[in-house]
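Q: I'd like to go over a predicted model; first the sequence, then the structure.
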Protein chains: 2
Amino acid sequence: MKAKKDINTEEKIVEAAEKVFIKNGMAGARMQQIADEAGINKALLHYYYRSKEKLFSIVFRTALKALLPNIIKSFKSEGSFFEKLRVFVDTYLTIIEKNPHLPGFVIHELNHRPEQLIQTIAELDIDIQFIIDDINTEIENGNIINISPNDLIINVISLCIFPVVARPMVTGVLFKGDKDEYKTFLKERKSHVADFVINSIKTK
Amino acid sequence: MKAKKDINTEEKIVEAAEKVFIKNGMAGARMQQIADEAGINKALLHYYYRSKEKLFSIVFRTALKALLPNIIKSFKSEGSFFEKLRVFVDTYLTIIEKNPHLPGFVIHELNHRPEQLIQTIAELDIDIQFIIDDINTEIENGNIINISPNDLIINVISLCIFPVVARPMVTGVLFKGDKDEYKTFLKERKSHVADFVINSIKTK
DNA sequence: AACTAGTTTAACCATATGGTTAAATCAATT
DNA sequence: AATTGATTTAACCATATGGTTAAACTAGTT
């Protein structure tokens, strides 16, 4: 019944699509480019995945999953609140460094057609309540200052994501194009972000 | 010699181009869309601005100017370091709120073809040395803790830009799509960011 | 009124692009 | 080996898109 299919073609296509979409965005991506990247022909693309839109949906959902829920889980590690915060920052920055274009892709597409894509976020049903509860407990216990949990969460994410998403701007303005300087900057960033945040919120 | 030209057509075109490019990005923008937006016809677009690429360059440069140098100047205000920091955050967030898609546009295009566009940044010749000097002086005077100026600058910018650039993600995950909640969040953000940063760096 | 130079338009062109179709391959089953 | 059904391909199509051209229009100038 089944034919050859040395290495799963479906998967090859999705991987190629991820590469092309995340690099060029929906509007900039070309089906031919995806086909080339997958080492197949354009028609085969449409055989497996009817339309560009369908392929995009799959890639977008995968990207969103890689960016949000899995990492939020890393906040469920053992230890004190500050230790959990350090693990979270470390995990998040590691994943983003490995896929530096991923956050930018998600943000750009989300900004471009929020109505259609916001649904995808909702479907992931991301639960951050346990983090909010954690923060409130720390406040009640007098371990950290009185801060809005939403602000604190956004602050941590901002400090992690932005320097990676805006890499060319950062290297261009701050490092005058010096790539090595940027690399060391990012490397030291993991501990820096955690230090910076903890320093701001810990009660003296 | 000159003909009618009620309201400067050139300007109308650039304004339309800004709108369309910043909303859709280079790849997603259509010359027809720009022509429609400007209330003229496609050929007239090419009469004034030879190619899409040329128009894009103008828009990109304008966007970059709006995002970087003018605002950095706001750090040259009077007062103590902390006061200057507050003015900076306030100014920056105000401008970004007024043009919420601007940072995302610049970041996306910069990521897409860094080689070609990084040049544009270099041409602006942005000087942040005076900020770095300011920070170092504060450290020497014992007013703020020993922090890398680059990290501090990036932190402030991150905390300002990210929540606006990633608005759909923020509203989607944190506020479950509640727009009003996001608005109040942003309004309180100006003082919060400054407080958060100052709290982290000030010596006790 | 005729001329001139800047301005605006409709019609057109070549190419790129997403998508379709029908035929060819291929491997397991009979 | 013939059948079958999944897989793969070349060729094609309709439309969209960036860009061009030549003609028409406009308002000052002579």
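A: Cool, got the structure. Numbering: from 1, shown residues only, chains lettered A, B, ... in the order given.
Q: ok, A:Arg192 to chain B distance?
A: One thing to correct before we go on: residue A:192 is His, not Arg. To chain B, A:His192 is 5 Å away according to C-beta to the nearest C-beta, to the nearest Å. Just so you know, the C-beta spots here come from the backbone N, C-alpha and C atoms, and that holds for glycine as well.
Q: angle of the helix or strand encompassing that residue against helix B:179-201?
A: A:His192 belongs to helix A:179-201 when assigned by DSSP states H and E. For helix A:179-201 against helix B:179-201, the angle by axes from the mean of the first three to the mean of the last three C-alpha atoms, to 10 degrees is 100 degrees.
Q: Give me the domain ranges for chain A.
A: A:9-59, A:68-201 (automatic domain parsing).
Q: pLDDT score assigned to A:Arg113?
A: A:Arg113 carries a pLDDT value of 89.
Q: Just the CA coordinates for the helix or strand hosting A:Ile153, please, in CSV.
A: Assigned by DSSP H and E, A:Ile153 belongs to helix A:149-165. Presented in CSV, the C-alpha positions along helix A:149-165 are these (Å, rounded to 0.1, in the frame of the first residue of the first chain):
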residue,chain,number,x,y,z
PRO,A,149,2.4,40.3,38.9
ASN,A,150,1.6,41.2,35.3
ASP,A,151,4.3,43.9,35.3
LEU,A,152,6.8,41.6,36.8
ILE,A,153,6.2,38.9,34.3
ILE,A,154,6.3,41.3,31.4
ASN,A,155,9.5,42.8,32.7
VAL,A,156,11.2,39.4,32.8
ILE,A,157,10.0,38.4,29.4
SER,A,158,10.9,41.8,27.9
LEU,A,159,14.5,41.7,29.3
CYS,A,160,14.9,38.2,27.8
ILE,A,161,13.3,38.5,24.4
PHE,A,162,14.0,42.1,23.3
PRO,A,163,17.8,42.0,23.0
VAL,A,164,17.5,38.8,20.8
VAL,A,165,14.7,40.1,18.6
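Q: Can you list the residue ranges for strands in chain A?
A: Taking DSSP state E to define them, one finds no strands in chain A.
Q: how about low-confidence regions in it?
A: Flagging of chain A using pLDDT under 70 yields the residue ranges A:1-7.
Q: how close does the closest residue to DNA strand D within chain A sit to A:Lys52?
A: Proximity of chain A to DNA strand D (C-beta to the nearest atom of the strand) peaks at A:Ala43, 3.0 Å away. From A:Ala43 across to A:Lys52, the span is 14 Å (C-beta to C-beta, to the nearest Å).
Q: swap in A:Ile198?
A: 45 Å.
Q: repeat for A:Glu115
A: The value you get for A:Glu115 to A:Lys52, if C-beta to C-beta is used, is 19 Å.
Q: Pick out whichever of these two has more residues nearby.
A: Neighbours were counted for A:Glu115 and for A:Lys52 using other C-beta atoms under 10 Å in any protein chain shown; A:Lys52 has more, 17 against 7.
Q: what number of residues lie near the residue nearest to the more buried one when sequence neighbours are not counted?
A: Counting by C-beta to C-beta, 6 or more residues apart in numbering or on different chains, the nearest residue to A:Lys52 once its immediate chain neighbours are dropped is A:Met31, at 5.9 Å. Counted with other C-beta under 10 Å, residues neighbouring A:Met31 total 17.
Q: My read is that A:Met31 contacts A:Leu45, right?
A: Yes. If you go by C-beta atoms under 8 Å, A:Met31 and A:Leu45 touch, sitting 5.8 Å apart.
Q: Number of residues surrounding A:Phe60?
A: 21.
Q: wait, what's in contact with it?
A: The neighbours of A:Phe60, taking C-beta atoms under 8 Å, 6 or more residues apart in numbering or on different chains as the test, are A:21, A:106, A:109, A:117, A:120.
Q: isn't the third one right up against A:Ile22?
A: What it means is A:Glu109. No. A:Glu109 lies out of contact with A:Ile22 (C-beta under 8 Å); the separation is 9.8 Å.
Q: Compare these two (neighbour count), which wins?
A: The neighbour comparison of A:Glu109 against A:Ile22 (other C-beta under 10 Å) goes to A:Glu109, with 25 against 22.
Q: Could you check how far the residue nearest to A:Lys176 when sequence neighbours are not counted is from A:Gly172?
A: Excluding the flanking residues, the one nearest A:Lys176 by C-beta to C-beta, 6+ apart is B:Ala122, at 7.9 Å. Relative to A:Gly172, B:Ala122 is positioned 7 Å away (criterion: C-beta to C-beta).
Q: now A:Glu78
A: Look at A:Glu78 and A:Gly172: by C-beta to C-beta, they are 41 Å apart.
Q: And for A:Ile135?
A: For A:Ile135, the distance to A:Gly172 (C-beta to C-beta) stands at 35 Å.
Q: Can you get me a residue count around A:Thr137?
A: Count around A:Thr137 with other C-beta under 10 Å applied: 12.
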